[in-house]
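Colleague: got a sequence here, can you model it:
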Amino acid sequence: MIMGHTAGGKQVELFSYADFHSIDGKDCYRMMDMSARGCNRDGAALRYVAEHLVKRPEQYKLLILISDGQPSDDDYFGTGAEADLWGIRREYTNKGVTLFAAAIGDDRQKH
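Modeller: Model (predicted):
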């Protein structure tokens, strides 16, 4: 399953690029439509996808988040947003979902 999201004004919009058991030969075209759209409320999107994974029958569940590493929306940024993401990670790790995050872009932290 491949999802994308954007946010604005505390509203989250999800995009489904590819889904389990819905192979229609057009997934590659939907994935080519992926782009930065606006703000991001990563916690809401992660929770939505993680809930779907928890219900899946597979033994191993892996959720990969690719983002600029900076959650940002109305009242959702900085340490508050980071605490939300850590809490979601902890909650779904306990439910059997492994979360992996990769930050890309110019504003990611440099180490």
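Colleague: going forward, measure contacts between C-alpha atoms and count neighbours the same way
Modeller: OK.
Colleague: shaky segments in the protein?
Modeller: Applying pLDDT under 70 to the chain flags residues 35, 69, 73, 106-111.
Colleague: what are the boundaries of the helices in it?
Modeller: 27-32, 42-54, 78-94 (DSSP state H).
Colleague: can you report how many residues lie near the residue lying closest to residue 45 once chain neighbours are set aside?
Modeller: Spatial nearest neighbour of residue 45, excluding adjacent residues (CA to CA, 6 or more residues apart in numbering): residue 5 at 6.6 Å. Residue 5: 21 surrounding residues under other CA atoms under 10 Å.
Colleague: over to residue 40?
Modeller: Neighbours around residue 40, by other CA under 10 Å: 27.
Colleague: let me know whether it touches residue 7 as I believe.
Modeller: Yes. Residue 40 is in contact with residue 7 according to CA atoms under 8 Å; the separation is 4.9 Å.
Colleague: still on that earlier bit, any idea how far the residue nearest to residue 45 is from residue 101?
Modeller: 15 Å (CA to CA, to the nearest Å).
Colleague: likewise residue 15?
Modeller: For residue 15, the distance to residue 101 - CA to CA - is 19 Å.
Colleague: got the contact list for stretch 89-103?
Modeller: The contact list for stretch 89-103 (CA atoms under 8 Å, 6 or more residues apart in numbering) reads 50, 53-54, 60-69.
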